[in-house]
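# everything below, folded, please.
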Amino acid sequence: MTVQQTVPTPAGRTPATCFEYQRAETWADAIELLELWDGEAKILAGGQSLIPMLNLRLAAPAALIDINPITAAAPRVDGGHIVIDANTRHRTLTTSEVVRKHAPLLAHAVQFVGNVRVRNRGTFGGSLAHADPTGEIAAVTIAMGGEIVVQGPTGTRTIPAADFFITYLTTVIEPNEVVIGGHIPIGDGARWGFHEVVRRYSDFATVSVTVVARPGSGPRVVLGGVAVSPLLVDQDLLVPALSDPGNPDRARESAEAIAASLDPDTDLHGTADYRRRLVAVHTRRLLQQVLAEEGGAA
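Sure thing, here's the model as predicted:
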């Protein structure tokens with residue numbers, strides 16, 4: 001660990017007080033610092049979400065723990081999974097031959113994250129830990145049946161992505177734990193599709209729809225922008241579409257049932273009714289395309 005400093009007492013801080021900056025050379029260093037600051041520190045990776053929150057005073061940590069010195073290995077295959085380290089940049093996910101071959105949905109969806117500057121600096125683990133309900137990486141990781149690996153003082157644990165997100169910007173990780181990577185099942189032979197609606201390029205998604213159908217298993221549909229976290233659709237709502245794959249009427253029946261089950265917010269990006277309409281339209285299109293045949297992208 002490159003920096004050792006005395007922790008200031010929270011009572012001595014004011015909204016204008018500068019935070020302490022500390023660098024972690026290893027994950028063990030990061031965890032030790034998180035424990036030292038006892039919930040008063042934030043992890044700094046790409047900073048593409050954290051820095052704007054600091055600028056807007058939506059976050060006021062006592063310390064920033066910089067994990068950029070921790071090197072990320074290239075995405076790699078281990079057994080039936082792709083292993084992706086937390087500090088892997090979004091740009092790497094779009095160019096990695098391993099990701100493009102075995103998880104093409106992830107490589108495709110990451111192209112919709114922010115803009116080129118965000119993709120060059122943002123990280124895989126940071127996007128998951130930030131837990132934005134409109135986040136592309138969170139949605140597709142759930143849809144692909146991925147797992148998130150976190151490390152704390154007692155060791156590592158692996159959490160299914162579908163169980164990782166609680167609500168806005170909140171996950172199940174403890175204050176003294178940090179995301180160190182993820183496991184994505186190899187998607188060879190899967191049929192998939194991803195649609196996203198934004199008001200303007202690089203903006204937050206108003207609605208996103210992800211559909212993944214693996215050979216021998218039922219499709220997974222994940223919606224972004226319609227709930228407090230990326231929403232994995234109940235399989236019962238997909239029964240009509242599965243009863244006659246590729247039939248537009250059956251796909252529409254499932255899509256409209258999914259949309260009717262939602263209770264999204266109304267905000268500056270769109271009303272609740274508008275979001276439900278977007279879900280109905282784009283889910284129908286993807287279900288019809290993805291279920292019509294096997295193998296490849298919709």
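
# could you identify the longest helix within the chain?
In the chain, with assignment by DSSP state H, the single longest helix is helix 272-292.

# alpha carbons of that helix, as CSV, please.
This file holds the C-alpha atoms of helix 272-292, laid out as CSV (Å, rounded to 0.1, in the frame of the first residue of the first chain):
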residue,chain,number,x,y,z
ALA,A,272,-44.7,5.7,-17.4
ASP,A,273,-47.1,5.0,-20.3
TYR,A,274,-44.4,5.9,-22.8
ARG,A,275,-42.0,3.5,-21.2
ARG,A,276,-44.6,0.7,-21.1
ARG,A,277,-45.2,1.3,-24.8
LEU,A,278,-41.5,1.1,-25.6
VAL,A,279,-41.3,-2.1,-23.7
ALA,A,280,-44.2,-3.6,-25.6
VAL,A,281,-42.9,-2.6,-29.0
HIS,A,282,-39.2,-3.6,-28.6
THR,A,283,-39.8,-6.8,-26.6
ARG,A,284,-42.2,-8.0,-29.3
ARG,A,285,-39.7,-7.3,-32.0
LEU,A,286,-36.9,-9.1,-30.2
LEU,A,287,-38.9,-12.1,-29.1
GLN,A,288,-40.2,-12.6,-32.6
GLN,A,289,-36.6,-12.4,-34.0
VAL,A,290,-34.7,-14.2,-31.3
LEU,A,291,-37.1,-17.1,-31.0
ALA,A,292,-37.6,-17.6,-34.8
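
# now do that helix: which elements does it pack against?
Here helix 272-292 touches strand 191-198, strand 205-213, strand 220-224, helix 239-243, helix 248-260, going by 3 or more Cβ pairs under 8 Å, 6 or more residues apart in numbering; DSSP states H and E. For every residue, glycine as well, the C-beta is placed using N, CA and C.

# look at the closest residue to Gln235 other than its chain neighbours and give its secondary structure.
Leaving aside its sequence neighbours, Gln235 sits nearest to Gly218 (Cβ to Cβ, 6 or more residues apart in numbering; 5.8 Å). For Gly218, the secondary structure call by DSSP: H, G, I helix; E, B strand; the rest coil comes out as coil.

# again, but for Ile65
Applying three-state DSSP: Ile65 is strand.

# quick check: the gap between the residue nearest to it when sequence neighbours are not counted and Leu237.
Spatial nearest neighbour of Ile65, chain neighbours left out: Leu33 (4.8 Å); criterion: Cβ to Cβ, 6+ apart. Using Cβ to Cβ, to the nearest Å, Leu33 is found at 44 Å from Leu237.

# please apply the same query to Val118.
Val118 is 33 Å from Leu237, by Cβ to Cβ.

# Val172 too?
To Leu237, Val172 is 25 Å away according to Cβ to Cβ.

# more crowded one of these two?
Leu237 (19 against 14; other Cβ atoms under 10 Å).

# tell me who's in contact with the more buried one.
254, 257-258, 261 (Cβ atoms under 8 Å, 6 or more residues apart in numbering).

# export the helices and strands packed on helix 272-292 to CSV and tack on distance to Ala60?
Putting these into CSV (distance: least, Cβ to Cβ, whole Å) gives the following:
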stretch, distance to Ala60
strand 191-198, 29
strand 205-213, 27
strand 220-224, 28
helix 239-243, 47
helix 248-260, 39
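
# pick the most deeply packed of the ones you listed.
strand 205-213 (a mean of 26; mean count of other Cβ atoms under 10 Å).

# which parts of the stretch 101-250 of the chain are helices?
Under the criterion DSSP state H, counting those that start in this stretch, helices of the stretch 101-250 of the chain are mapped to 104-109, 116-121, 124-130, 136-143, 239-243, 248-260.

# and the longest one, what does it pack against?
By that I understand helix 248-260. Against helix 248-260 (3+ Cβ pairs under 8 Å, 6+ apart) you get helix 239-243, helix 272-292.

# just the buried residues of the last one, please?
What that stands for is helix 272-292. 275-276, 278-291 (16 or more other Cβ atoms under 10 Å).

# got the angle between it and strand 220-224?
Per axes from the mean of the first three to the mean of the last three Cα atoms, to 10 degrees, the angle that helix 272-292 makes with strand 220-224 is 150 degrees.

# can you give me the angle helix 272-292 makes with strand 205-213?
20 degrees.

# and the angle from helix 272-292 to helix 248-260?
Using the same axes, to 10 degrees: helix 272-292 against helix 248-260 is 140 degrees.
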